[in-house]
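**Student:** Here is the input, now give the coordinates:
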Amino acid sequence: METAALLAAARVAGLRIATAESCTGGMIAAALTDPPGASHVFDRGFVTYSNAAKVEMLGVLPATLDAFGAVSEAVAREMAAGALARSGATLAVAVTGIAGPGGSEFKPEGRVCFALARGGSVTSETCDFGALGRDGVRRASLHHALALLAQAVTTGA
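**Tutor:** Next up, the predicted model:
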């Protein structure tokens, strides 16, 4: 679904969207605000690249960061829930990952964790895009986040 159609469907559904981004650095918010009329649906975006920003802006618990690391579904879920709680949005997407270059044996380049928060529900998933290079991982993350939002808007999930 193209971004304009996603926004139109969200508007019909009466949804407001917020983003919480780490490795994408605001790319999702930029894509959502590109089409005219985005202000009817897009509430705000949080770019929380550092762990301190995740804690201060989104309320991610330091204990969660210590236990699981920034690139984890646990942190993505807290990011999404925090974006929802700190905005006028009814749907939030969060992204945190290893864009590269680099990574580790346990968290390789291209691993990205996503979460969606809506109402009292938060879901998460991890994608391993592989070593696509920094730009490739960030673009793949952008497209996946938009697809998650489109699915949530069209299915009501």
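
**Student:** Tell me, how many residues neighbour H40?
**Tutor:** Neighbourhood size, H40 [other C-beta atoms under 10 Å]: 11. C-betas here are computed from N, CA, C, even on glycine.

**Student:** who's in contact with the helix or strand in which A63 is found?
**Tutor:** With secondary structure defined by DSSP states H and E, A63 is part of helix 62-68. If you take C-beta atoms under 8 Å, 6 or more residues apart in numbering as the criterion, helix 62-68 is touched by 51, 54-55, 72, 74-75, 78.

**Student:** Let me see the contact set for A150.
**Tutor:** By C-beta under 8 Å, 6+ apart, A150 lies in contact with 1, 5-6, 9.

**Student:** again, only this time at 10 Å
**Tutor:** A150 sits next to 1-3, 5-6, 9-10 when contact means C-beta atoms under 10 Å, 6 or more residues apart in numbering.

**Student:** Widest-spaced pair of the residues you listed?
**Tutor:** Based on C-beta to C-beta, the longest span within the contacts of A150 runs between E2 and A10 and measures 12.8 Å.

**Student:** What residues sit buried inside stretch 75-88?
**Tutor:** Neighbour-count burial for stretch 75-88, counted by 16 or more other C-beta atoms under 10 Å, picks out 75-84, 86-87.

**Student:** All good on my end, thank you.
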